[in-house]
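Undergrad: I need the structure of the sequence given here:
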Amino acid sequence: MRIALYQPDIPQNTGTILRLCACLGVEAHIIEPAGFPVSDRAFRRAGMDYLDQVKIERHGSWAAFEAWRRGAGSRLLLFTTAAAASYLDHTYRPDDVLLFGRESAGVPDDVHGAADARLTIPMREGLRSINVAMAAAMALGEAVRQTRNIPSG
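TA: Just a heads-up that it's a prediction; the model follows:
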């Protein structure tokens, strides 16, 4: 199981998601460009004290990430408010990549088109979206529950 962040633009959300990945033993992928520096030094300066506990892969572009993903043979599951299928009704696999878009703009159409599934977190009508870090926690929690990919020790 992996989490990928498409061009994240709020460092605090990225830090929260990286901490989630560290705690659950999940690899994190950052698809650049990001709206802030994504170096180890920048994360440490921001107080990311779990940085040594998470594997972070950086991809310089969407094309670079897609080349990596296709080579890995992983499904791409896009979490978006523009989907009809609930994340709770999806069957997850241990090698899935859970993709979350930019907080300010989501993902472009070509990224939507590349996804093997587009999933949403059902919400009350009239509300725009759930914070991306909270959405990642909800989605990863369900994926881990289904795959029993629970970290030990």
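Undergrad: alpha carbons only for contacts and neighbour counts from here, please
TA: Noted.
Undergrad: how about the longest helix seen in the chain: buried residues?
TA: Scanning the chain for the longest helix, with DSSP state H as the assignment, gives helix 132-147. The neighbour-count check on helix 132-147 (16 or more other CA atoms under 10 Å) flags 132-133, 135-136, 139-140, 142-144, 146 as buried.
Undergrad: Greatest separation within these: which pair is it?
TA: 132 and 146 (21.0 Å; CA to CA).
Undergrad: name the element residue 15 belongs to?
TA: In the assignment (DSSP states H and E), residue 15 maps to helix 11-24.
Undergrad: what's that helix packed up against?
TA: In terms of contacts (3 or more CA pairs under 8 Å, 6 or more residues apart in numbering; DSSP states H and E), helix 11-24 is packed against strand 27-31, helix 132-147.
Undergrad: 10 Å instead?
TA: Helix 11-24 sits against strand 2-6, strand 27-31, helix 40-45, strand 56-59, helix 132-147, with contacts defined as 3 or more CA pairs under 10 Å, 6 or more residues apart in numbering; DSSP states H and E.
Undergrad: Check those for me: which has the lowest mean pLDDT.
TA: Note on the helices and strands packed on helix 11-24: helix 40-45 shows the lowest mean pLDDT, a mean of 64.
Undergrad: buried stuff in stretch 52-65?
TA: Within stretch 52-65, the residues that count as buried by 16+ other CA under 10 Å are 54-56, 58-59, 61-62, 65.
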